[in-house]
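> generate coordinates for the sequence data below:
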Amino acid sequence: MQLQLREGTKLRSLIFILIPLVLSAYTHLWNPTGFPSLHTDEGHYLRKAISTETGQGLQPQDRYRAPYFGQMFLAGIFSIINYPNLEVLGNSNPVEQLYLVPRVIMGILAVFDTFLLYRITEYRYGRNVAIIASILFAVMPFTWLTRRIFLESIQLPFILTSILLILNLGRGRLQGMQQDYQQENQHHQSHQQQQSQQQQQQQAQLLQAKPEKNNPDNNRPGLQYAKFTLIISGIFLGLAIFTKIPAFTIIPLGIIMIYVITRKKRYIVVWLIPVLLVPMMWPLHAMLSGDLDNWISGVRYQVSRDRPLINTLNTFFEIDPVLFILGMGGLVYAVIKKDYFVLMWAIPVIVFLQAIGYVSSFHLILLLPPICVAGANMIEKIGKNISNIRMKNMLPYIRIAVIGVFGICSITMLITLNINTTYYQALAFVLSNLPDSNTNSSAIIPADKVTVVGNPQYFWIPEFVYNKTFDAKNFYSKTPFKTDKYMMIVDNGFVRILNGDNTSRLNLAYNATHNLARFEQNFTGGIDLNKYPFTNLKLSPETRFIELRSNY
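Next up, the predicted model:
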């Protein structure tokens with residue numbers, strides 16, 4: 001009977017963890033090239049990753065606005081899977097296929113995030129809270145931000161892994177100490193051994209809640225395991241910071257967790273050493289390369305722009321009010337219950353974002369796990385005082401079902417949209433109208449060289465995948481063109497710049513061009529963007545048109 005109960009419990013646990021993973025796989029891997037819209041930063045990060053993979057350097061644009069590990073991570077994966085391999089793209093639009101692979105990688109990372117969040121929450125709050133939190137992360141509309149190729153999407157699994165290893169530290173130390181106690185008492189008689197084991201279990205339970213302060217024996221397997229776990233956890237968080245600096249806001253949570261579990265300050269130092277040393281490679285490399293001034297300028301640029309946190313939180317509420325209310329309500333509930341875990345996870349992130357003065361919606365990706373956990377913990381506690389035992393036992397499953405169905409219906413209405421068709425068609429046209437591939441630029445007659453003017457997100461595929469020869473010119477640049485011939489990729493962003501200054505050099509150049517081709521679509525034209533969940537399209541607008549113009 002005990003064996004059957006144990007097997008039934010394992011099967012139930014497996015089913016519970018599979019539910020959010022399956023949901024997450026659907027919401028993050030379905031139609032990755034169709035939704036969300038392509039972001040400028042995605043092209044920027046992919047350009048850096050491809051240049052790193054092909055040995056052309058870490059900073060193709062000489063910009064120190066983010067550390068290196070994100071592009072190194074993508075470049076490593078690209079090398080393993082032989083991406084981009086133009087021979088296997090097939091007959092479909094090659095541009096769309098080139099975006100498919102990195103978007104699928106982001107989706108796989110999001111599924112892994114769901115698993116890590118489940119395990120973290122299960123360790124801390126139990127299985128019921130874990131499944132609610134992981135389903136919130138898997139299906140709520142705002143989490144579609146992790147589908148984009150952002151540094152936040154790359155660093156999130158490293159942060160969650162670091163936290164999970166620290167939480168697992170308590171269990172590892174407990175198991176090691178229990179083994180030590182069993183070995184020391186093997187010579188006792190059977191009755192005495194039974195009594196001793198009971199005392200050991202009680203002591204182990206006390207150790208888990210309030211670890212022993214005076215235990216200088218560093219040679220015990222449990223303590224060796226603890227040090228090794230802390231080093232690995234520190235490396236993971238260090239890599240997260242080396243991906244993007246805001247990950248350092250997790251350090252206070254790590255310090256408090258380690259001290260609560262071990263009661264040893266030296267263990268905090270063991271963890272902090274890799275946390276700080278790994279990201280220090282970024283400024284050290286810049287200094288050794290003689291680019292320290294550029295590094296300082298790049299860091300300053302990130303905090304010199306103006307978009308306060310309150311505006312971004314208002315956008316969060318507008319596009320996903322359900323998750324926003326659950327998350328913020330959960331944080332208030334955590335304050336009432338003095339739950340330091342989610343508070344020390346979320347509050348440093350919020351304080352940092354408020355301090356820097358510029359917050360985009362994708363910066364809130366770091367807040368998604370703690371607000372999902374906080375909201376799930378609050379939801380799970382609702383109805384705990386119900387006297388009806390049957391209803392009390394069924395309530396967690398009812399809540400899980402309601403959240404899952406609501407989230408799936410909401411996000412399905414978004415991820416089934418195809419809003420990037422014009423981008424893929426227009427860039428394919430650009431590829432066919434630039435000088436031939438694999439041509440040595442020095443062998444091209446100067447009169448035949450072409451400048452391509454537009455958003456930088458259009459440049460990485462022609463330049464690094466097809467080796468097209470052209471001079472790339474950001475539409476923000478005010479410097480003169482280096483060639484007589486030029487092509488303009490005109491989209492909504494380009495039009496805004498043209499309308500901003502009618503006397504600019506860019507306007508004069510535009511007036512000298514003629515239309516080559518125009519690509520249009522209007523899949524979302526009949527949708528009211530003020531109605532939920534289509535409010536999300538304000539952060540993922542459809543590319544309605546792209547016009548290609550040239551002066552030749």
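> point to the helix or strand of this protein where mean pLDDT is at its lowest.
helix 190-209 (a mean of 51; mean pLDDT, DSSP states H and E).
> CA atoms of the helix or strand following that helix as PDB?
Later in the chain than helix 190-209, the nearest helix or strand by DSSP states H and E is helix 221-243. Provided in PDB are the C-alpha atoms of helix 221-243 (Å, rounded to 0.1, in the frame of the first residue of the first chain):
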ATOM      1  CA  PRO A 221      30.400  16.100   2.900                       C
ATOM      2  CA  GLY A 222      27.400  18.300   3.500                       C
ATOM      3  CA  LEU A 223      29.600  21.400   3.900                       C
ATOM      4  CA  GLN A 224      31.700  20.500   0.900                       C
ATOM      5  CA  TYR A 225      28.600  20.200  -1.100                       C
ATOM      6  CA  ALA A 226      27.400  23.600   0.200                       C
ATOM      7  CA  LYS A 227      30.600  25.300  -0.900                       C
ATOM      8  CA  PHE A 228      30.500  23.700  -4.400                       C
ATOM      9  CA  THR A 229      26.800  24.600  -4.800                       C
ATOM     10  CA  LEU A 230      27.500  28.200  -3.800                       C
ATOM     11  CA  ILE A 231      30.300  28.600  -6.300                       C
ATOM     12  CA  ILE A 232      28.200  27.200  -9.100                       C
ATOM     13  CA  SER A 233      25.300  29.500  -8.000                       C
ATOM     14  CA  GLY A 234      27.600  32.500  -8.000                       C
ATOM     15  CA  ILE A 235      28.900  31.700 -11.400                       C
ATOM     16  CA  PHE A 236      25.400  31.600 -12.800                       C
ATOM     17  CA  LEU A 237      24.400  34.900 -11.300                       C
ATOM     18  CA  GLY A 238      27.800  36.400 -12.400                       C
ATOM     19  CA  LEU A 239      27.000  35.200 -16.000                       C
ATOM     20  CA  ALA A 240      23.500  36.800 -15.700                       C
ATOM     21  CA  ILE A 241      25.200  40.100 -14.700                       C
ATOM     22  CA  PHE A 242      27.700  39.700 -17.500                       C
ATOM     23  CA  THR A 243      24.600  39.400 -19.800                       C
END
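> the helix or strand encompassing residue 355: how far from the chain's middle?
If you go by DSSP H and E, residue 355 is part of helix 340-356. On the basis of C-alpha atoms, centre = their mean, to the nearest Å, helix 340-356 sits 17 Å off its chain's mean C-alpha point.
> let me see the mean pLDDT of it.
Taken as a whole, helix 340-356 has a mean pLDDT of 93.
> need the nearest residue in space to residue 152, chain neighbours excluded.
residue 365 (3.9 Å; C-beta to C-beta, 6 or more residues apart in numbering). The way it works is simple: take the backbone N, C-alpha and C, and place the C-beta from them, glycine included.
> can you confirm the one you found is in a helix?
Yes. Assignment of residue 365 by DSSP: H, G, I helix; E, B strand; the rest coil places it within a helix.
> how close does it get to residue 246?
10 Å (C-beta to C-beta, to the nearest Å).
> go on, residue 120?
Counting by C-beta to C-beta - residue 120 and residue 246 are separated by 19 Å.
> the two - which one has more neighbours?
With neighbours defined as other C-beta atoms under 10 Å, residue 120 and residue 246 compare such that residue 120 has more, 24 against 21.
> go ahead and confirm the more buried one touches residue 165.
No. Assessed by C-beta atoms under 8 Å, residue 120 is found out of contact with residue 165, at 10.1 Å.
> circling back: neighbours of the residue nearest to residue 152, how many?
With other C-beta under 10 Å as criterion, residue 365 counts 23.
> hmm, back to that, helices or strands next to the next helix or strand after the helix holding residue 355 in the packing?
Downstream of helix 340-356, the first helix or strand assigned by DSSP H and E is helix 368-381. Using 3 or more C-beta pairs under 8 Å, 6 or more residues apart in numbering; DSSP states H and E, the elements in contact with helix 368-381 are helix 94-125, helix 127-139, helix 151-184, helix 321-337, helix 340-356, helix 389-415.
> so which of those is nearest residue 464?
Proximity to residue 464 (C-beta to C-beta) singles out helix 94-125 among the helices and strands packed on helix 368-381, at 10.3 Å.
> over to residue 466: give its phi and psi.
Dihedral pair for residue 466: phi -100, psi 0, per degrees, to the nearest 10.
> that one reaches residue 430, doesn't it?
No. Applying C-beta under 8 Å as the test, residue 466 and residue 430 come out as separate, 10.0 Å apart.
> and these two? which has more neighbours close in?
When neighbours are counted by other C-beta under 10 Å, residue 430 comes out ahead of the other of residue 466 and residue 430, with 23 against 17.
> against residue 513, how distant is the more buried one?
Residue 430 is 14 Å from residue 513, where distance means C-beta to C-beta.
> the residue nearest to residue 152: what's it in contact with?
Applying C-beta atoms under 8 Å, 6 or more residues apart in numbering, we find residue 365 in contact with 145-146, 150, 152-153, 156.
> now those in TSV, with distance to residue 524 and neighbour count?
Shown next, in TSV, are the contacts of residue 365 (distance: C-beta to C-beta, whole Å; neighbours: other C-beta atoms under 10 Å):
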residue	distance to residue 524	neighbour count
145	18	24
146	22	25
150	22	22
152	25	23
153	24	24
156	28	25
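> and the residues you listed, which is closest to residue 45?
Using C-beta to C-beta, those come closest to residue 45 at residue 150, 7.4 Å.
> what's near enough to touch that closest one?
Counting by C-beta under 8 Å, 6+ apart, residue 150 touches 39, 41-42, 45, 106, 362, 365.
> now distance to residue 21 too, for the residues you listed, in TSV please.
TSV is the format used below for the contacts of residue 150 (distance: C-beta to C-beta, whole Å):
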residue	distance to residue 21
39	26
41	28
42	25
45	26
106	16
362	23
365	19
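> closest to residue 348 among the residues you listed?
Among the contacts of residue 150, residue 365 lies closest to residue 348 (C-beta to C-beta), at 15.2 Å.
> show the model's pLDDT score for the most centrally placed residue in the chain.
Using C-alpha atoms, centre = their mean, the residue of the chain that lies closest to the mean C-alpha position is residue 153, 1.6 Å off. Note for residue 153: predicted pLDDT of 96.
> that one and residue 535: what is the separation?
21 Å.
> on the three-state scheme, residue 35 is what?
coil.
> give the contact list for residue 419.
34-37, 521, 523-524, 537, 540-543.
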